[in-house]
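Asks: Sharing a model that was predicted from the sequence below.
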Amino acid sequence: MFERFFKLKENGTNTRTEVLAGITTFMTMAYILAVNPGILSATGMDKNALFTATAISGIIGTLVMALVARLPFALAPGMGLNAFFAFSVVLGMGYSWQFALTAVFLEGIIFILLTVFNIREMIVNSIPLNLKHAVSAGIGLFIAFIGLQNAGVIVNNDAVLVGLGDMKSHGVIVALIGIVITGVLLAKKVKGALLIGIFVSTVVAIPLGVTKFPEGGLVSAPPSLEPIFWKFDFSNIFSTDMLVVLFTFLFVDMFDTVGTLVGVSSKAGMLTKDGRVPRVKQALFADAIGTTAGAMLGTSTVTTYVESASGVAEGGRTGLTSLTVAGMFLVALFFSPLFIMIPGAATAPALILVGLFMLSPIKNIDLNDFTESIPAFFTIIMMPLTYSIAEGIVFGMLSFVVLKLFTGRFKDVSIVMYILAILFVLKFFI
């Protein structure tokens, strides 16, 4: 059944590889089950209900990706967007969390309409091939940076923005041991190397006190959604603040999702001959539906996860990978303490090494043509430095348009790219 529906042989994969890839993706993103409730509960939302909303919204979005788009990408409430929801809209601007949920709900509806009319697909297809390769490399540096942060290898440093952490800390030791173990397994071409590395790192972390055993057992019923389900506030939907909040949600989610789809597809060799993401319209529907459903359930914007790259690195190529992730989210609903106990230091080695894998498309970039290589460079470097896939794409696309325009090669730029460049400039200065 899986073979016929997902066309496994045609995609050069098999059931075992896809399931392992799905488990790997889930393990590298399972932190969202603990982190998202922690961030959003700062607004006064019920933390236990947020756990359930996070898991179910991940199931819905990922199932659409699996069964409709049939691509190996996982979805869940996005990091960054949840922080904007909590700390900017609610705690910063003083609006209720119900107001913020309403903005997320409207965002999802708008995204569904934009996808129906192929506007989001046009944006994805308008990105030049060299920039698509650069997006993959940029995401590689970005997720490696996230992994180093999660492990405490890289920390905040007021003098130089970032600096080296305490190399004697137990979290750093766990991560470094995990990198060595996973690296050896990869060098020996052991299947499931990333997943094995996560499990071994978690075990190593136990005697060091980094892995925390949950109190009250490993199995529990999912908390009720009632405190946050369908809690909208439409009284301020025509205000200027709602417009600003809605635009920010739309912009960040749009280009985070586009960047992840393009970058991971490029790394996996899944782009078509003309550089397009296969079934991109269906993939974009997944995050639009996930976001809309997530708002109804009571959580922030659902987006395609960059950690999907870890599953692709393990060989995931079809929707069976994402179907496995959805299944893991379902299991997590009843075994939440088990998944939450896995420390960031244990998943960090997988993210760091996947960062290396994501760099491979850089060899396809024409570095001799500076109207191509400079935008590619900005795309790559700005993602980790701004901590945003979206901002990396903005800098890359803007520099591409400007350089092509002022070197007389304006025909290399599509109409869609010109329109986007104007919108990007307006975003910066208005």
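Replies: The structure has been received and is ready for your questions.

Asks: all contacts plus neighbour counts: C-alpha atoms, from now on.
Replies: Noted.

Asks: just the strands in the stretch 201-350 of the chain please.
Replies: For the stretch 201-350 of the chain, strands defined by DSSP state E, counting those that start in this stretch occupy the ranges 302-304.

Asks: Low-confidence ranges, the stretch 151-300 of the chain, go.
Replies: 215-217 (pLDDT under 70).

Asks: Could you rerun that using 50?
Replies: With pLDDT under 50 as the threshold, the stretch 151-300 of the chain has no low-confidence stretch at all.

Asks: Helices along that one, start to end?
Replies: 170-187, 193-205, 240-268, 280-297 (DSSP state H, counting those that start in this stretch).

Asks: what about residue 385, which helix or strand?
Replies: Secondary structure from DSSP states H and E places residue 385 in helix 370-386.

Asks: Buried ones in that helix, by neighbour count?
Replies: Within helix 370-386, the residues scored as buried using 16 or more other C-alpha atoms under 10 Å are 371-384.

Asks: could those residues go into TSV alongside pLDDT and distance to residue 258?
Replies: Output for the buried residues of helix 370-386, formatted as TSV (pLDDT from 0 to 100; distance: C-alpha to C-alpha, whole Å):
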residue	pLDDT	distance to residue 258
371	95	22
372	94	20
373	94	20
374	96	21
375	95	17
376	95	16
377	96	18
378	95	17
379	91	13
380	93	15
381	94	18
382	92	16
383	87	14
384	88	17
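
Asks: Mind telling me what element the closest residue in space to residue 412 that isn't next to it in sequence is part of?
Replies: Once flanking residues are discounted, residue 412 sits nearest to residue 404: 7.0 Å by C-alpha to C-alpha, 6 or more residues apart in numbering. In this structure, residue 404 sits in helix 389-406 according to DSSP H and E.

Asks: Pull the distance from that helix to the chain's centre.
Replies: The chain centre lies 22 Å from the centre of helix 389-406; the measure is C-alpha atoms, centre = their mean, to the nearest Å.

Asks: ok so, going back, which among the buried residues of helix 370-386 gets closest to residue 156?
Replies: Nearest to residue 156 among these: residue 384, at 13.9 Å, using C-alpha to C-alpha.

Asks: what sits against the closest one?
Replies: 138, 139, 141, 142, 145 (C-alpha atoms under 8 Å, 6 or more residues apart in numbering).

Asks: Can you flag which of those residues belong to helices?
Replies: Applying DSSP state H to these, the entries found in helices are 138, 139, 141, 142, 145.

Asks: so what's the residue positioned nearest the centre of the chain up against?
Replies: When C-alpha atoms, centre = their mean is applied to the chain, the residue found nearest the centroid is residue 305 (2.3 Å). Applying C-alpha under 8 Å, 6+ apart, we find residue 305 in contact with 29, 73, 74, 75, 76, 78, 257, 260.

Asks: just residue 236 next, same as before
Replies: Contacts of residue 236 (C-alpha under 8 Å, 6+ apart): 99, 242.

Asks: what pLDDT, on average, does stretch 352-367 get?
Replies: Averaged over stretch 352-367, pLDDT sits at 84.

Asks: so how far is it from its chain's centroid?
Replies: 18 Å.

Asks: Any chance you could list what contacts that stretch?
Replies: With C-alpha under 8 Å, 6+ apart, stretch 352-367 has contacts from 130, 133-134, 136-148, 179, 183, 263-264, 266-267, 309-310, 313, 372-373, 376.

Asks: wait, doesn't residue 118 sit right on residue 280?
Replies: No - Residue 118 is beyond contact range of residue 280, at 9.9 Å (criterion: C-alpha atoms under 8 Å).

Asks: Please identify which of the two sits among more neighbours.
Replies: Neighbours were tallied for residue 118 and for residue 280 using other C-alpha atoms under 10 Å; the higher tally belongs to residue 280 (22 against 15).

Asks: Let me have the contacts of residue 384 in TSV, extended by pLDDT and neighbour count.
Replies: Below are those laid out as TSV (pLDDT from 0 to 100; neighbours: other C-alpha atoms under 10 Å):
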residue	pLDDT	neighbour count
138	87	32
139	79	31
141	89	24
142	84	26
145	88	22
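
Asks: Residue 320: which of these is nearest?
Replies: Distance to residue 320, by C-alpha to C-alpha, is smallest for residue 139 among the contacts of residue 384, at 23.2 Å.
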